[in-house]
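S.K.: Kindly return the folded structure for what I paste below:
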Amino acid sequence: MTRIGGLILALALVASACGADPSSEVPVDSVEPANTSSAEPGAATDAVLPFGPSALDDMFSSKFPPSLVDAEQIISGGPPPDGIPPIDDPRFVTVAEANAYLSDGEPVVELTIDGDARAYPVQVLIWHEIVNDTVGGVPVSVTYCPLCNSAVSYVREVRGVETTFGTSGRLFASALVMYDRETESLWTHFDGRAVVGVLAGDQLEVVGSPLLAWADFREAHPEGKVLDRDGTGYSRDYGRNPYVGYDDASTTPFLFRGALDDRTQAKQRVVGVEIDGAAAAYALDGLAQGPASATSVSLGGTDLVILWKAGQSTALEGSEVDTGRDVGSVGVFLPTLADAVMSFVASPDGFVDSETGSTWNILGEAIAGPAAGSQLERVPHLDTFWFAWSTYRPGTELVEEL
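M.R.: Numbering: from 1, shown residues only. Below you'll find the model as predicted:
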């Protein structure tokens with residue numbers, strides 16, 4: 001491919017990945033979900049989803065329930081639906097096989113359900129953005145938005161009906177807009193809400209799936225499965241970053257035309273956490289201290305510990321996904337074990353609790369000492385840019401000094 005041809009392709013991919021104007025008439029988080037299912041994920045059900053027009057064809061149909069956002073602010077990114085093709089039939093390889101082409105610091109999305117541990121390399125997700133999979137018997141969609149630097153996974157069931165998700169080719173607030181293939185309603189990637197269409201108001205169940213350095217996944221899950229880059233069904237330049245230089249805090253988000261929350265730079269990296277209705281963004285620069293750090297915080301009256309460990313590269317800076325600067329990996333947990341509140345300090349081997357002297361890894365697993373085999377309760381978080389978190393969580397607390 002010529003250099004000019006590569007640039008055209010990169011621009012097309014950037015235009016199709018995520019994002020638009022956050023100045024909607026109704027904030028994304030101001031409407032409660034209209035419907036959720038109480039059925040266990042994957043359970044047999046006779047539920048039927050409503051029938052109506054496709055939001056892909058007409059976002060302004062009078063047959064839709066009220067939209068959660070101003071549909072005029074959902075803009076075209078260029079390609080048609082699934083122009084960036086999701087992976088609907090994922091294939092997997094062993095950790096040993098993937099180790100041949102994944103670098104230690106390369107970012108992967110880690111998802112473990114009922115002992116089924118899987119890694120989804122960002123070098124693949126950056127070209128597909130959605131993987132429809134079944135993990136531990138649970139149907140899930142693993143999603144990644146390069147323009148807002150976020151990975152989120154959801155149970156892909158709506159009102160008890162299993163579905164799959166595709167890329168709509170549209171953008172809202174510089175974030176991927178998905179669509180479900182049962183009703184073709186539009187959903188925001190960042191918080192898993194149907195914002196336009198017959199399902200407007202529904203919300204997906206989130207499943208914790210942090211970005212993690214490949215070396216840390218490999219060590220924690222030596223028998224895990226890794227999304228096969230040679231089994232996607234598509235020919236892509238896996239390993240190359242089509243968003244060179246995008247991870248620059250001083251630059252403006254692509255296609256973001258509204259008012260930015262100027263409390264800090266738009267593309268400042270933050271760790272976004274929401275619990276019991278309280279939301280906070282913790283500046284990554286405040287967490288990244290030395291080779292590792294353990295930071296105790298309180299949010300909404302709940303004690304949390306944020307673990308950070310050096311070793312993960314940003315995928316959005318260099319020409320290759322493994323050549324970006326070291327931004328590290330993050331885990332957020334409830335610091336309790338057997339109802340006792342734990343305190344943690346970073347050590348050369350991981351994180352040590354002061355109560356038992358046990359050593360823990362970045363995934364909140366005790367790997368040595370009296371508590372070996374124990375697991376801290378994970379609190380879902382987002383590694384993302386400030387503009388994205390502050391748009392979807394207006395009024396969020398910003399914590400820069402830790």
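
S.K.: Now do the phi/psi pair for the residue nearest to the spatial centre of the chain.
M.R.: Geometric centre of the chain, nearest residue: Ala151, 1.6 Å, by C-alpha atoms, centre = their mean. Per-residue torsions, Ala151: phi -120, psi 130 (degrees, to the nearest 10).

S.K.: could you list every residue that touches it?
M.R.: Val109, Val122, Leu125, Val142, Thr143, Tyr144, Cys145, Ser209, Pro210, Leu211, Leu382, Asp383 (C-beta atoms under 8 Å, 6 or more residues apart in numbering). Backbone N, C-alpha and C define where each C-beta goes, glycine included.

S.K.: tell me the SS of the nearest residue to Gly83 once chain neighbours are set aside?
M.R.: Spatially, and ignoring its direct neighbours in sequence, Gly83 is nearest to Gly169 (5.2 Å; C-beta to C-beta, 6 or more residues apart in numbering). Here Gly169 is strand, with the state taken from DSSP: H, G, I helix; E, B strand; the rest coil.

S.K.: gap between Gly169 and Val177?
M.R.: Applying C-beta to C-beta, to the nearest Å, the value for Gly169 to Val177 is 8 Å.

S.K.: ok, these two, which is more surrounded?
M.R.: Taking neighbours as other C-beta atoms under 10 Å, Gly169 and Val177 compare with Val177 leading, 27 against 21.

S.K.: mind checking how far the one helix or strand that one maps to is from the chain centre?
M.R.: Applying DSSP states H and E as the criterion places Val177 in strand 175-180. Between the centre of strand 175-180 and the centre of its host chain there is 13 Å, according to C-alpha atoms, centre = their mean, to the nearest Å.

S.K.: got it, and stretch 352-371?
M.R.: Per C-alpha atoms, centre = their mean, the centroid offset for stretch 352-371 relative to its chain is 26 Å.

S.K.: Show the average pLDDT along it.
M.R.: For stretch 352-371, the mean pLDDT works out to 96.

S.K.: any residues touching it, and which ones?
M.R.: Contacts for stretch 352-371 (C-beta under 8 Å, 6+ apart): 110, 212, 216, 219-220, 307, 309, 329-331, 333, 337, 340, 342-347, 349-351, 372-378.

S.K.: measure it end to end?
M.R.: 11 Å (C-alpha to C-alpha, to the nearest Å).

S.K.: do the same with stretch 336-354
M.R.: 12 Å.

S.K.: Put the alpha carbons of the strand holding Val177 into CSV.
M.R.: In CSV, the C-alpha atoms belonging to strand 175-180 read as follows (Å, rounded to 0.1, in the frame of the first residue of the first chain):
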residue,chain,number,x,y,z
ALA,A,175,-17.7,7.5,20.8
LEU,A,176,-18.8,4.5,18.9
VAL,A,177,-22.5,4.1,18.3
MET,A,178,-23.5,0.5,18.2
TYR,A,179,-26.8,-1.1,16.9
ASP,A,180,-28.5,-4.3,18.0
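
S.K.: quick one, domains of the chain?
M.R.: 3-42+65-207, 269-399 (automatic domain parsing).

S.K.: For Val244, which of those domains is the nearest?
M.R.: Nearest of these to Val244, taken as C-beta to C-beta: domain 269-399 at 5.4 Å.

S.K.: follow-up on the earlier one: quick check, pLDDT for the residue nearest to Gly83.
M.R.: At Gly169, pLDDT is 94.

S.K.: same deal with the one 3 residues further on?
M.R.: Predicted confidence (pLDDT) for Phe172: 92.

S.K.: wait, it sits on Glu72?
M.R.: No. Using C-beta atoms under 8 Å, Phe172 is not in contact with Glu72, being 10.7 Å away.

S.K.: For PyMOL, write the select line for the buried members of the contacts of stretch 352-371.
M.R.: To isolate the buried members of these in PyMOL, using 16 or more other C-beta atoms under 10 Å:
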select buried, resi 110+212+216+220+307+309+329+330+331+333+337+342+344+346+350+351+374+376+378
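
S.K.: Which ones among the contacts of stretch 352-371 map onto helices?
M.R.: If you go by DSSP state H, the contacts of stretch 352-371 have Asp216, Glu219, Ala220 in helices.

S.K.: Including pLDDT and distance to Ala315, could those go into TSV?
M.R.: Output for the ones in helices among the contacts of stretch 352-371, formatted as TSV (pLDDT from 0 to 100; distance: C-beta to C-beta, whole Å):
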residue	pLDDT	distance to Ala315
Asp216	97	15
Glu219	97	20
Ala220	96	20
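
S.K.: want to try CSV for these, with distance to Asp104 as columns?
M.R.: CSV is the format used below for the ones in helices among the contacts of stretch 352-371 (distance: C-beta to C-beta, whole Å):
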residue, distance to Asp104
Asp216, 9
Glu219, 10
Ala220, 13
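
S.K.: If you count surrounding residues, which of Phe172 and Glu72 has more?
M.R.: Comparing Phe172 with Glu72 by other C-beta under 10 Å, the one with more neighbours is Phe172, at 31 against 13.

S.K.: Distance of the more buried one relative to Ser150?
M.R.: 13 Å.
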